[in-house]
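Engineer: sequence and computational prediction follow.
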Number of protein chains: 2
Amino acid sequence: MPTPVLQSSLRQFRRYEHLVKAGEQCDCIYRIRDGWACRYETLHDGRRQITALYLPGEYCEPHWLLSGRAELAVMALTPLSTTPLLLSEVHRPQDGGVKTMLGAILQNLERQTQWIIRLGRKNATERIVELFVDLRSRLGSDDDTVKIPLTQREIADIVGLTPVHVNRVLHRLAEQKRVFQHGRTLLATAHVSGIIRQCPSNVTEMNDEKATSDGW
Amino acid sequence: MPTPVLQSSLRQFRRYEHLVKAGEQCDCIYRIRDGWACRYETLHDGRRQITALYLPGEYCEPHWLLSGRAELAVMALTPLSTTPLLLSEVHRPQDGGVKTMLGAILQNLERQTQWIIRLGRKNATERIVELFVDLRSRLGSDDDTVKIPLTQREIADIVGLTPVHVNRVLHRLAEQKRVFQHGRTLLATAHVSGIIRQCPSNVTEMNDEKATSDGW
DNA sequence: CGCCCGGTTGACGAGCGTCAAGGTCGGTGG
DNA sequence: CCACCGACCTTGACGCTCGTCAACCGGGCG
């Protein structure tokens, strides 16, 4: 058990450690300081789908304010540092803490709507590119490149594909200089979205050229 | 423009009429009396994805309470009869109207999470069956069969498939007596889920037997 | 030093999309 | 009452995406 939870105390999790397991009661909402977390479900046959990502600065599962219960498990994808906000604390001071949570809930609702559209109607390349575009904007990084601390299996479980296919798509994106690999870290460049292209090929469509496997 | 909106007045829509278009301001939440509605998005190339269904008894887009704005268009899938609830009315009487809306928002959030899992990790048959199971329980019908007033194109836009493939899956389900067609109306039986099976074949897996086209 | 996780790559096939040509039913106008 | 029309459903042929299986590699860590 962790230390007694105080306002603005810290709580840390190791990689792949659970913040909550499916079905547990929740007495606090975690504000992410550093690291990434995800909500996910594992089917009986082992298939897994990640249904939400939580990044630094965001509130992890703000709707616990309304339900007090985790339907799905949440775990750290990286070493994670959070400040837990007790639900009772959020409720009492009518300083707008509740309003902040409701806004966060609304944002998650819209994010989930966008993911339904992507999973239902977009192909592998579109899904992966739009994931990276979303991550870039949420990380608020105007840098040239953003670090993406996800394994290919994790990306696969977000975008509803297999790790093998994610690997092939990433290689094609790398050929087009839309992503890079630095060591084992994935970097998404400022033109992941593919808007910037001087070659005559089409902007939005993907052609099927075989990956020439020049090691990224 | 409709008649001035009064508490518990009625507002009707024709099939395929819009309750709101994308981006519009919303001053009321519609409680569905009769008929079905959906939220959807159309991509530039014509692909469409339905991201929410609203059935009799449910509140259409309760999160407008928080945002006051429709991100996506909402339209009637059948002739529709609703009672609009003014946002100002919901706010004022602290009799629990707000609480009801927050509960409805929470439920939609969980429904969307389930759809992300289905679209990401389930095959065509699983998606369609689980849609029907969901509809059966939401319609609260313990009847033998439930009427599903959706065209195959609409089902396709919900489950992220093409109408042609939906057609083939429906025929396979019909062979197994899990759905029926009465005239042009689709009926889902009490054992759509496929739990009830006396034949030795597997419960959850689908076999690929060709449809023998005996006209349902 | 060896193990294990994660990434890489090829061969192959299944599931689903695309295209295209009917078919059927209900509504509508003459 | 009938002819026509437009949605919607049906069905076959074909092929692209993506999944599966399997082997291998490379580096970090105990």
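Structural biologist: Received, thanks.

Engineer: who's in contact with A:T78?
Structural biologist: Contacts for A:T78 (CB atoms under 8 Å, 6 or more residues apart in numbering or on different chains) come out as A:15, A:35-36, A:149. In short, each C-beta sits where N, CA and C put it, glycine included.

Engineer: pretty sure it belongs to a strand, no?
Structural biologist: No - applying DSSP: H, G, I helix; E, B strand; the rest coil, one finds A:T78 to be coil, outside a strand.

Engineer: out of the contacts of A:T78, the closest to DNA strand C would be?
Structural biologist: Of all the contacts of A:T78, DNA strand C sits closest to A:R15, with 8.2 Å by CB to the nearest atom of the strand.

Engineer: for A:E71, which three-state class applies?
Structural biologist: coil.

Engineer: give me the helix or strand of chain A that scores worst on average pLDDT.
Structural biologist: helix A:87-91 (a mean of 85; mean pLDDT, DSSP states H and E).

Engineer: hey, where'd the strands end up in chain A?
Structural biologist: A:11-13, A:18-20, A:28-34, A:37-42, A:48-54, A:59-60, A:73-76, A:80-86, A:145-148, A:179-182, A:185-189 (DSSP state E).

Engineer: hey, which of those is tucked in deepest?
Structural biologist: The highest mean neighbour count among the strands of chain A, using mean count of other CB atoms under 10 Å in any protein chain shown, belongs to strand A:59-60: a mean of 25.

Engineer: check A:A156 and give its pLDDT.
Structural biologist: Note for A:A156: predicted pLDDT of 98.

Engineer: gap between it and A:T185?
Structural biologist: Separation of A:A156 from A:T185 (CB to CB, to the nearest Å): 17 Å.

Engineer: okay, the strands of chain A in a markdown table with mean pLDDT next?
Structural biologist: As requested, those are exported to a markdown table (pLDDT from 0 to 100):
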| stretch | mean pLDDT |
| --- | --- |
| strand A:11-13 | 96 |
| strand A:18-20 | 97 |
| strand A:28-34 | 96 |
| strand A:37-42 | 98 |
| strand A:48-54 | 98 |
| strand A:59-60 | 97 |
| strand A:73-76 | 98 |
| strand A:80-86 | 95 |
| strand A:145-148 | 94 |
| strand A:179-182 | 91 |
| strand A:185-189 | 94 |
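
Engineer: from what I can see A:T83 touches A:I29, true?
Structural biologist: No - using CB atoms under 8 Å, A:T83 is not in contact with A:I29, being 9.7 Å away.

Engineer: mutual contacts of the two, please.
Structural biologist: What both A:T83 and A:I29 touch, as defined by CB under 8 Å, 6+ apart, is an empty set.

Engineer: tell me the spacing between A:T42 and chain B.
Structural biologist: 10 Å (CB to the nearest CB, to the nearest Å).

Engineer: and if you look at A:G68?
Structural biologist: Distance from A:G68 to chain B, by CB to the nearest CB: 11 Å.

Engineer: could you double-check that that residue lies in contact with A:I29?
Structural biologist: No - if you go by CB under 8 Å, A:G68 and A:I29 don't touch, sitting 10.5 Å apart.

Engineer: and for the two, which residues touch both?
Structural biologist: Common contact partners of A:G68 and A:I29 (CB under 8 Å, 6+ apart): A:L87.

Engineer: so what's A:T113 up against?
Structural biologist: Residues in contact with A:T113 (CB under 8 Å, 6+ apart) are B:39, B:51-52, B:71-72, B:112.

Engineer: about what we covered before: which single one of the contacts of A:T78 is nearest to A:R168?
Structural biologist: Comparing the contacts of A:T78 against A:R168 with CB to CB places A:P149 closest, at 21.0 Å.

Engineer: give me every residue that touches the closest one.
Structural biologist: A:P149 makes contacts with A:36, A:77-78, A:185-186, as judged by CB under 8 Å, 6+ apart.

Engineer: stretch A:127-146 vs chain B: in contact?
Structural biologist: No - figure legend: stretch A:127-146 not in contact with chain B (CB under 8 Å from any CB of the partner chain); closest approach 9.5 Å.

Engineer: which residues are contacting that stretch?
Structural biologist: Stretch A:127-146 is contacted from outside by A:53, A:55-58, A:111, A:114, A:118-119, A:122, A:148, A:155, A:158-161, A:166, A:169-170, A:173, A:178-180, A:187-190, A:192-194, using CB under 8 Å, 6+ apart.

Engineer: how many residues are close by A:K21?
Structural biologist: Look at A:K21: counted by other CB atoms under 10 Å in any protein chain shown, it has 11 neighbours.

Engineer: isn't it right up against A:A70?
Structural biologist: Yes - the criterion here is CB under 8 Å, and A:K21 meets it with A:A70 at 7.5 Å.

Engineer: residues from chain A in reach of chain B?
Structural biologist: Chain A comes close to chain B at residues A:39, A:41, A:43, A:47-49, A:51-52, A:63, A:66-67, A:71-72, A:102-103, A:105-106, A:108-110, A:112-113, A:115-117, A:119-121, A:157, A:159-160, as judged by CB under 8 Å from any CB.

Engineer: mind giving me the ChimeraX select for those, buried ones only?
Structural biologist: If you want just the buried ones from these in ChimeraX, going by 16 or more other CB atoms under 10 Å in any protein chain shown, the selection is:
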select /A:39,41,48,49,51,52,63,66,67,71,72,102,105,106,108,109,112,113,115,116,117,119,120,121,157,159,160
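
Engineer: the residues of chain A next to chain B in helices, which ones?
Structural biologist: The members of the residues of chain A next to chain B that map onto helices under DSSP state H are A:66-67, A:102-103, A:105-106, A:108-110, A:112-113, A:115-117, A:119-121, A:157, A:159.

Engineer: what residues are bridge-paired with the nearest residue to A:A70 once chain neighbours are set aside?
Structural biologist: In space, and not counting its chain neighbours, A:A70 is closest to A:V20: 4.3 Å by CB to CB, 6 or more residues apart in numbering or on different chains. Bridge pairing for A:V20 (DSSP bridges) gives the partners A:V74.

Engineer: what separates A:V20 from A:L10, distance-wise?
Structural biologist: The spacing between A:V20 and A:L10, counted by CB to CB, is 18 Å.
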